[in-house]
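Chemist: Have a look; sequence and predicted model below, questions after that.
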Amino acid sequence: MAAASEIHAPGTPQAAIFVEGTSAHWFQHFAVEGGVTAGRVLTAVRTVQQAAGSVNLVIGFGSDMTARLGLESPPGLKPFSEVTGGSGRRAVATQEDVFFWIHSDRHDLNFEVALAARRAVDPLGVLARETPSWVYRDSRDLTGFVDGTENPAADEARELAVIAEGAGAGGSFVLAQRWIHDLDAFAGLPTTEQEQVIGRTKPDSVELEELPANSHLGRVVHTDEDGEEIEIYRRSVPYGTSTEAGLYFLAFTDDLAKIDLMLAAMFGATGDGLHDRLVTFSQTVSGAYYYAPSRETLEGLGLSG
Ligand code: HEM
């Protein structure tokens, strides 16, 4: 029989990660000043949980904040660092400490939660960025392409995007990245050329038979040593105005190396001389990694699970 210390009971992931179909989203990133105690941070987070009520709330902590809260760090947790390569573009790094993903079908209720969160965290640091976002048509990116076709279903995602055992079990790693599209440049391409950029057809999202190696699909589809496709759980949503708009990219994984690989391939950092054509039409203005702890870990901090 294994010693008790070797047994790691799997934790339960935050339920709001897997609630699909909500139409209104809001993302907030807070930078917390160095001298602020863990107790004050947790009091603020508790206030936000109470304000959320029936609105879905996912809580993430950056690697520094994870340590400040006294949590055991899941293997591979790190701050996001810039990705550069032969694409001439950069995946910029703007790491902060506390991340809230607020989502529901009510933009007005999301606003109330976001306002409560800003007020709760204000005395501890700064709201570094926030992005109200929304589902566009039949879950399309603003380029007009369906986003999410090959995304795993929520039950499958619970398997592949959640840390299975050991430190952080039941938790998940998060990439949050704001992209600004050059919608005018993209719209200037004929549809067949746009499809070459993405690697799928535009009206019905069918994968191209001859997939260009520098298409988005050509760069993000990778297999592991067993020949299995490396998958992440994407929950991205569009945001913006008629002058500045794009995709708020949000993804969950059990291993940040999976996301590192996809980003390296997109930005031309894998040494094969290729990069994703998509990055010439869209650029990142933020990028951060977070750890969304399990419900049990949150409860251990005195928060709601
Ligand atoms: C400008 C930003 C981005 C846009 C507009 C975009 C758009 C899309 C679209 C339209 C698809 C095809 C439909 C689907 O299966 O969902 C797709 C697939 C995918 N994207 Fe992105 N994406 C972006 C950024 C990223 C990033 C940063 C990553 C990874 C870090 C990523 C990873 C993936 C993966 C894994 C797939 C599924 C590929 C497959 O299995 O067929 N995407 N994306």
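Modeler: Noted; the coordinates are in hand.

Chemist: Around the ligand, which positions in the stretch 151-300 of the chain sit nearby?
Modeler: Residues of the stretch 151-300 of the chain lying near the ligand by C-beta under 6 Å from any ligand atom: 151, 179, 198, 200, 205, 216-217, 220-221, 232, 247, 249, 251, 259, 262-263, 278, 282. For glycine as for every other residue, the C-beta is placed from the backbone atoms N, C-alpha and C.

Chemist: out of these, which are inside helices?
Modeler: 198, 216-217, 220, 259, 262-263 (DSSP state H).

Chemist: which of the residues you listed lies closest to Ile59?
Modeler: Ile259 (19.4 Å; C-beta to C-beta).

Chemist: Can you get me a residue count around the closest one?
Modeler: 21 (other C-beta atoms under 10 Å).

Chemist: tell me the contacts of the nearest residue to it once chain neighbours are set aside?
Modeler: Distances taken as C-beta to C-beta, 6 or more residues apart in numbering place Leu175 nearest to Ile259, at 5.1 Å, with adjacent residues excluded. Leu175 sits next to 80, 249-251, 253, 256, 259, 287-289 when contact means C-beta atoms under 8 Å, 6 or more residues apart in numbering.

Chemist: mind putting those in TSV, pLDDT included?
Modeler: Below are the contacts of Leu175 laid out as TSV (pLDDT from 0 to 100):
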residue	pLDDT
Phe80	98
Phe249	98
Leu250	98
Ala251	98
Thr253	98
Leu256	98
Ile259	98
Gly287	98
Ala288	99
Tyr289	99
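
Chemist: What are the boundaries of the helices in the stretch 51-200 of the chain?
Modeler: 63-68, 107-121, 154-160, 183-187, 191-198 (DSSP state H, counting those that start in this stretch).

Chemist: Just put those helices in CSV and tack on distance to Phe145, mean pLDDT and mean neighbour count.
Modeler: Putting those into CSV (distance: least, C-beta to C-beta, whole Å; pLDDT from 0 to 100; neighbours: other C-beta atoms under 10 Å) gives the following:
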stretch, distance to Phe145, mean pLDDT, mean neighbour count
helix 63-68, 33, 98, 18
helix 107-121, 24, 98, 18
helix 154-160, 21, 94, 15
helix 183-187, 10, 98, 14
helix 191-198, 5, 98, 17
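
Chemist: wait, which of these is closest to Thr241?
Modeler: That would be helix 183-187 among these, by C-beta to C-beta, at 11.1 Å.

Chemist: Run through who's touching that closest one.
Modeler: So helix 183-187 is in contact with 142-143, 194, 197, 245, 281, going by C-beta under 8 Å, 6+ apart.

Chemist: Could you single out the nearest of the residues you listed to His107?
Modeler: Using C-beta to C-beta, the contacts of helix 183-187 come closest to His107 at Ala245, 16.3 Å.

Chemist: Just give me the neighbour total for the residue nearest to that closest one when sequence neighbours are not counted.
Modeler: Spatial nearest neighbour of Ala245, chain neighbours left out: Leu142 (5.4 Å); criterion: C-beta to C-beta, 6+ apart. Neighbourhood size, Leu142 [other C-beta under 10 Å]: 19.

Chemist: Show the model's pLDDT score for Leu142.
Modeler: Per-residue pLDDT puts Leu142 at 98.

Chemist: before we move on, what about Ala3?
Modeler: pLDDT, Ala3: 41.

Chemist: looking at the sheet around the most centrally placed residue in the chain, what are its partners?
Modeler: Centroid-nearest residue in the chain: Leu250, 2.4 Å away (criterion: C-alpha atoms, centre = their mean). Listed by DSSP bridges, the beta-bridge partners for Leu250 are Ala176.

Chemist: Please apply the same query to Tyr290.
Modeler: Here Tyr290 sits in beta bridges with Val174, as judged by DSSP bridges.

Chemist: Quick one: name the residues of the stretch 1-150 of the chain near the ligand.
Modeler: The stretch 1-150 of the chain comes close to the ligand at residues 141, 143, 145-150, as judged by C-beta under 6 Å from any ligand atom.

Chemist: Let's see that with 5 Å instead.
Modeler: 141, 145, 147-150 (C-beta under 5 Å from any ligand atom).

Chemist: what about stretch 224-237, average pLDDT?
Modeler: Mean pLDDT, stretch 224-237: 97.

Chemist: what does that stretch rub up against?
Modeler: Here stretch 224-237 has contacts from 17, 25, 101, 133-136, 141, 147-148, 151-152, 157, 160-161, 221-223, 247-253, 258-259, 261-262, using C-beta under 8 Å, 6+ apart.

Chemist: what sits against the residue nearest to Ala245?
Modeler: 136, 181, 183, 238, 240, 245-247.

Chemist: Look up how far Ile180 lies from it.
Modeler: Using C-beta to C-beta, to the nearest Å, we find Leu142 at a distance of 10 Å from Ile180.

Chemist: Overlap of the contact sets of these two?
Modeler: Common contacts of Leu142 and Ile180 (C-beta under 8 Å, 6+ apart): 240, 245-246.
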